[in-house]
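**Q** heads up, no residue letters with this:
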Ligand code: PEP
Ligand code: MN
């Protein structure tokens, strides 16, 4: 069976576990054996070549680690996966007998690198997993899938590992769930695995993000697992022991996508009311823009700039201050008001600078 079908048909999340980096034969074997004994994973991972942000960090054990993870796979009867970032990695991984390859976020972002790897896989029948690019660009992510399909590599899965932002207060890479959801819309047949390890960068948050992924119907989880996480050579803060992995997986509540017709009727009736409210919201927004245009007209006639900063600060502060009253977060209120404001400016600009007829 194809890996993508295997992932989709697995009861519960399809789990990929193993160390961020292979460090020694003993480390890889011991952690993989424990994961397998606990029945915690369907596939084993290990980083062999590590893309590092700064030179001088551990760059991966290299080629000799391939035999360690292949041996761990044989001993546990679980398939294995590693990251490849160039043609050389692909050739060595195929020779060593790795079952599945993935490309990392720093590779997906670069179409030249993706193409090099795709070319190296021309005519090879191996499943590939594609991590999202570091920046929030669904087209780039989709493009990587297409590059592999073009060379005949069609057994594909996606890995959502979050998106890079400067100094986020909570996450190492923000999840921006709307992006994997957009990918799912475009490629419903492609399974999506969530990688809470690289999203959080913090083992205390792994459960929360894993549960969220399951609630959003993700198909699996990739969780970095190490025999001694605090002393790991890479990504120490986010790795867990096999025991901790089992605790996380056991705690996840799996909710069904299907429901009985009685529950279905009730859900549909509430959805109907939500849809009516959405209709009203959009009617109101449209009406609001009519007023923006009226203001735009007056500003035009009197030669006044569109943006009146003081006025806008007052408007937004009024809403931010009452966010509690509406039981909305300040972040949401800010985003919503900014979006409305942008659209309003667009309407006013169209009034102020009407397109000249040719
Ligand atoms: C990894 O999974 O070890 C890794 C380097 O991930 P990413 O490409 O998501 O940074
Ligand atoms: Mn890692």
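**A** Good, I have the coordinates. Computed from a predicted structure; not experimentally measured. Ligands and ions are numbered 1, 2, ... in the order given.

**Q** The nearest residue to residue 85 once chain neighbours are set aside: neighbouring residues, count only.
**A** Distance criterion CB to CB, 6 or more residues apart in numbering; nearest residue to residue 85, sequence neighbours excluded, is residue 107 at 5.1 Å. Yep, even glycine has a C-beta here, placed from its N, CA and C like the rest. When neighbours are counted by other CB atoms under 10 Å, residue 107 registers 25.

**Q** The helix or strand hosting residue 107 near ligand 1 anywhere?
**A** In the assignment (DSSP states H and E), residue 107 maps to helix 105-108. Yes: on the criterion CB under 6 Å from any ligand atom, helix 105-108 is in touch with ligand 1 at 105, 106.

**Q** what does stretch 97-104 give?
**A** Yes: under the criterion of CB under 6 Å from any ligand atom, ligand 1 is reached by stretch 97-104 at residue 104.

**Q** Would you mark the buried spots in that stretch?
**A** Going by neighbour count (16 or more other CB atoms under 10 Å), the buried part of stretch 97-104 is 98, 99, 100, 101, 102, 103, 104.

**Q** before we move on, back to that, avg pLDDT for the helix holding residue 107?
**A** Regarding helix 105-108, the rounded mean pLDDT is 98.

**Q** Not counting the next helix or strand after that helix itself, show me its contacts.
**A** Counting by DSSP H and E, the next helix or strand C-terminal to helix 105-108 is helix 111-120. Applying CB atoms under 8 Å, 6 or more residues apart in numbering, the set of residues contacting helix 111-120 from outside is 84-87, 90-91, 103, 107-108, 140, 143-144, 147-148, 150-151, 153.

**Q** Repeat the analysis, applying 10 Å as the threshold.
**A** Outside helix 111-120, the residues that touch it by CB atoms under 10 Å, 6 or more residues apart in numbering are 84-91, 93-94, 101, 103-104, 106-108, 110, 128, 130, 133, 140, 143-153.

**Q** hmm, who's touching the helix holding residue 107?
**A** 51-53, 83-86, 89, 102, 113-114, 116-117, 130-135, 137, 140-141, 143-145, 147, 158-159, 161-164, 173, 195, 198.

**Q** Apply 6 Å and report the result again.
**A** 51, 85, 113, 130, 131, 133, 134, 144, 161 (CB atoms under 6 Å, 6 or more residues apart in numbering).

**Q** Those in helices, which ones?
**A** Among those, the members falling in helices are 113, 144 (criterion: DSSP state H).

**Q** Over to residue 36. Which of the three states is it?
**A** Assigned with DSSP: H, G, I helix; E, B strand; the rest coil, residue 36 falls in the helix class.

**Q** follow-up on the earlier one: and the buried residues of stretch 97-104, which is closest to ligand 2?
**A** If you rank the buried residues of stretch 97-104 by distance to ligand 2 using CB to the ion, residue 104 comes first, at 9.1 Å.

**Q** residues touching that closest one, list them.
**A** Residue 104 is in contact with 51, 83, 131, counting by CB under 6 Å, 6+ apart.

**Q** Leaving out the residues flanking it, which one is nearest to it?
**A** Counting by CB to CB, 6+ apart, residue 83 is the residue found nearest to residue 104 once chain neighbours are left out, at 5.0 Å.

**Q** Please work out how many residues are found near the one you found.
**A** 23.

**Q** And residue 87, by the same measure?
**A** Around residue 87 there are 15 other residues, counting by other CB under 10 Å.

**Q** Just give the nearest non-adjacent residue to it, would you?
**A** Nearest non-adjacent residue to residue 87, counting by CB to CB, 6+ apart: residue 120, 4.2 Å away.

**Q** what about the longest helix in the protein?
**A** helix 261-301.

**Q** any idea how far that helix is from the chain center?
**A** 30 Å (CA atoms, centre = their mean, to the nearest Å).

**Q** Just confirm residue 6 is within a helix.
**A** Yes: using three-state DSSP, the assignment for residue 6 is a helix.

**Q** For the residue nearest to residue 315 when sequence neighbours are not counted, what are phi and psi?
**A** Nearest in space to residue 315, with sequence neighbours left out and distances taken as CB to CB, 6+ apart, is residue 337 at 7.4 Å. Note on residue 337: backbone dihedrals following degrees, to the nearest 10 are phi -60, psi -40.

**Q** ok, residue 337 touching residue 317?
**A** No: under the criterion of CB atoms under 6 Å, residue 337 is not in contact with residue 317, lying 10.0 Å apart.

**Q** quick one: the residue lying closest to residue 181 once chain neighbours are set aside and ligand 1, what's the gap?
**A** Nearest non-adjacent residue to residue 181, counting by CB to CB, 6+ apart: residue 216, 7.0 Å away. Per CB to the nearest ligand atom, to the nearest Å, residue 216 is found 19 Å from ligand 1.

**Q** same question, residue 109
**A** Taken as CB to the nearest ligand atom, the span from residue 109 to ligand 1 is 10 Å.

**Q** Nearest residue to that residue in space, please, no chain neighbours.
**A** Nearest non-adjacent residue to residue 109 (CB to CB, 6+ apart): residue 133, at 3.9 Å.

**Q** Report the contact partners of the one you found.
**A** 105, 108, 109, 140, 141.

**Q** at 10 Å what do you get?
**A** Counted by CB under 10 Å, 6+ apart, residue 133 has contacts 103-111, 114, 139-141, 143-144, 161, 163-164, 179.

**Q** What remains of those if I keep only buried residues?
**A** For those, a burial check counting by 16+ other CB under 10 Å picks out 103-110, 114, 140-141, 144, 161, 163-164, 179.

**Q** Ligand 1: which of the residues you listed is nearest?
**A** Proximity of the buried ones among the contacts of residue 133 to ligand 1 (CB to the nearest ligand atom) peaks at residue 104, which lies at 2.8 Å.
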